[in-house]
Structure formats: C-alpha cells, structure tokens
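# Fold the following.
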Amino acid sequence: MTKTVIATDKAPAAIGPYVQATRLGNMIFTSGQIPLDPTTMDIVEGGIEAQTKQVMDNLMAVLAEAGADAGKVLKTTCFLSDMNNFLAFNEVYASYFVAGAPARSCVEVARLPKDVLVEVEAVAYID
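Below is the predicted model:
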C-alpha cells in the first residue's frame, strides 16, 4: 500500500512538520485541527462554540478532500483546554454527526497550540 498526503486550501495549512491528513488504503488519519480561519490563518474569536465550529469545519474540509465525510468517521480524539467547556463543545460537535457519533476520546490538556480552546483529530475510511 502507498501512503498518500491529503492537502486542501479549505483548511488551515500545517504550521509545523506535519500534513493535514494521510491516507493508507481506505483509511484516513487527520492531524489535529485547531480553530484557524484557513484564509487568514487567524484564530477564530467568540469562545468555545465559535472555535469548535471552525475546528469541525476545518476537519470536514480535510475529510472531503480525502473523499470522506462525517458519516465515515470511525474515531475522534478531542482536546479541550478547559473541561468546563465540555457541554458547549458537545452541542456544536454533535451537530456534525447527525447520522450517529463515532467513537471518541475527549480530554482536558494543559495547553494547545496558539492557546486555542479546542483541537480535534479523526480516523475515517473511504469506500
């Protein structure tokens, strides 16, 4: 099998030595997405709801470039800078998985890149 790099300008460019996603066979592994506007590369303001929406929009753009969508996500790992944001995060996050949520881990971390409030990565498949 050949590993393929997935890249789209509809999600933020990598800000380090990594790629937006990789594909191996029919599996897609995304890097963590943070709430950067892909056009300006600025952090989205507005609190956890606005940041979660941007993170999920970025994640869906990467998945779309790979030929997947929310319905093909098997697992996500979610990182929150403050677990007090858990309920508000869940409301926005759940709206992206209307056909059923994937398996998930959600943890509070001491700090995220650029001091954002949330980061999400995913494992998905394509047919």
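
# pull the longest helix from this protein.
The longest helix of the chain (DSSP state H) is helix 47-66.

# what's that helix packed up against?
Secondary-structure packing of helix 47-66 (3 or more C-beta pairs under 8 Å, 6 or more residues apart in numbering; DSSP states H and E): strand 3-6, strand 21-24, strand 27-30, helix 86-94, strand 118-125. Yep, even glycine has a C-beta here, placed from its N, CA and C like the rest.

# Lys53: which of the ones you listed is closest?
helix 86-94 (5.5 Å; C-beta to C-beta).

# returning to what we had before: could you redo the helices and strands packed on helix 47-66 as JSON lines and give each row distance to Glu65?
Output for these, formatted as JSON lines (distance: least, C-beta to C-beta, whole Å):
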{"stretch": "strand 3-6", "distance to Glu65": "5"}
{"stretch": "strand 21-24", "distance to Glu65": "8"}
{"stretch": "strand 27-30", "distance to Glu65": "10"}
{"stretch": "helix 86-94", "distance to Glu65": "21"}
{"stretch": "strand 118-125", "distance to Glu65": "12"}
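
# Deepest in the core, which of these is it.
Comparing the helices and strands packed on helix 47-66 by mean neighbour count (mean count of other C-beta atoms under 10 Å), strand 118-125 ranks first with a mean of 22.
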